[in-house]
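Student: Sequence and predicted structure, then a few things I'm wondering about:
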Amino acid sequence: MYIPPPILLVIAIGISYAVSILFPAMQITIAPFPWLGIALFSLGILSVSWAVHALSRHKTTLHPRGKPRKLVTRGPYVYSRNPIYLGFLLMSIGSALLFANVLAFAGPMLFFLFASYFIIPFEESMLMKLFGKPYKTYHTSTRRWL
C-alpha cells in the first residue's frame with residue numbers, strides 16, 4: 001500500500017489533532033511543550049527544504065516512486081539517508097507537542113512506522129538496483145533516520 005509521504009504527514013497531523021480534541025483529559029500542561037513543538041516543526045521544515053534543494057541542485061527526482069538520475073550523498077544526505085522523511089517526522093512530532101496531548105503522539109508513531117516499513121524499504125531496494133555498489137557503500141555509512 002502506498003500513501004504519498006506529504007499525504008501521510010497530513011494524516012499523521014490530523015490524527016494528532018483529532019485525538020487531542022477527542023481526549024482532552026490527556027492534555028499535558030507543561031509550559032515548554034508549545035515552544036518545543038514550534039522549534040521541532042521549524043527544524044522539520046528546514047530539513048525538508050535543505051533536502052529538496054539538494055535533490056533539485058543535482059537535477060534528480062523528488063518523487064518517492066520516481067527514477068532518480070543521480071545518487072545524492074551531499075548536503076543533508078551526509079547525515080541521513082532520508083532527510084525529507086526525517087523533516088516530516090519532526091514536523092509531526094512538533095505538531096503533537098503543540099497539541100499538548102499524550103495521545104497526540106500516535107500521529108508521529110504512525111508516520112514513523114509507515115515510512116519505516118512501507119515507503120523507505122521500497123526506495124532502498126530501488127536505489128540498490130539502480131546504483132549498486134555506490135549505494136551499498138552509502139547505505140552502510142549513513143543512518144536511515146539520523
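Tutor: Arrived safely.
Student: Helix, strand, or coil at Arg143?
Tutor: Here Arg143 is recorded as coil under DSSP: H, G, I helix; E, B strand; the rest coil.
Student: burial measure for it, as a count.
Tutor: As a burial measure, Arg143 scores 11 neighbours (other Cβ atoms under 10 Å). Heads up, the C-betas are built off the backbone N, CA and C, glycines and all.
Student: Please report how far the closest residue to it other than its chain neighbours lies from Val48.
Tutor: Of all residues not flanking Arg143 in the chain, Ser80 sits nearest, at 6.3 Å (Cβ to Cβ, 6 or more residues apart in numbering). Between Ser80 and Val48 the computed distance is 12 Å (Cβ to Cβ, to the nearest Å).
Student: With Glu123 instead?
Tutor: The gap separating Glu123 from Val48 is 16 Å, by Cβ to Cβ.
Student: More neighbours: the two, which one.
Tutor: A direct count of neighbours by other Cβ under 10 Å for Glu123 and Val48 places Val48 higher, at 22 against 16.
Student: center of this protein, which residue is that?
Tutor: Nearest residue to the geometric centre of the chain (Cα atoms, centre = their mean): Tyr85, 2.1 Å.
Student: Quick check: Leu98 is in a helix.
Tutor: Yes. Leu98 forms part of a helix when assessed by three-state DSSP.
Student: burial of the residue nearest to Arg143, as a residue count?
Tutor: 18.
Student: Pretty sure it sits in a helix.
Tutor: No. Assessed with three-state DSSP, Ser80 is coil; it does not lie in a helix.
Student: which ones are touching it?
Tutor: The contact partners of Ser80, taken as Cβ atoms under 8 Å, 6 or more residues apart in numbering, are Leu86, Thr142, Arg143, Arg144, Trp145, Leu146.
Student: Check this structure for its longest helix and report it.
Tutor: Taking DSSP state H as the criterion, the chain has its longest helix at helix 32-57.
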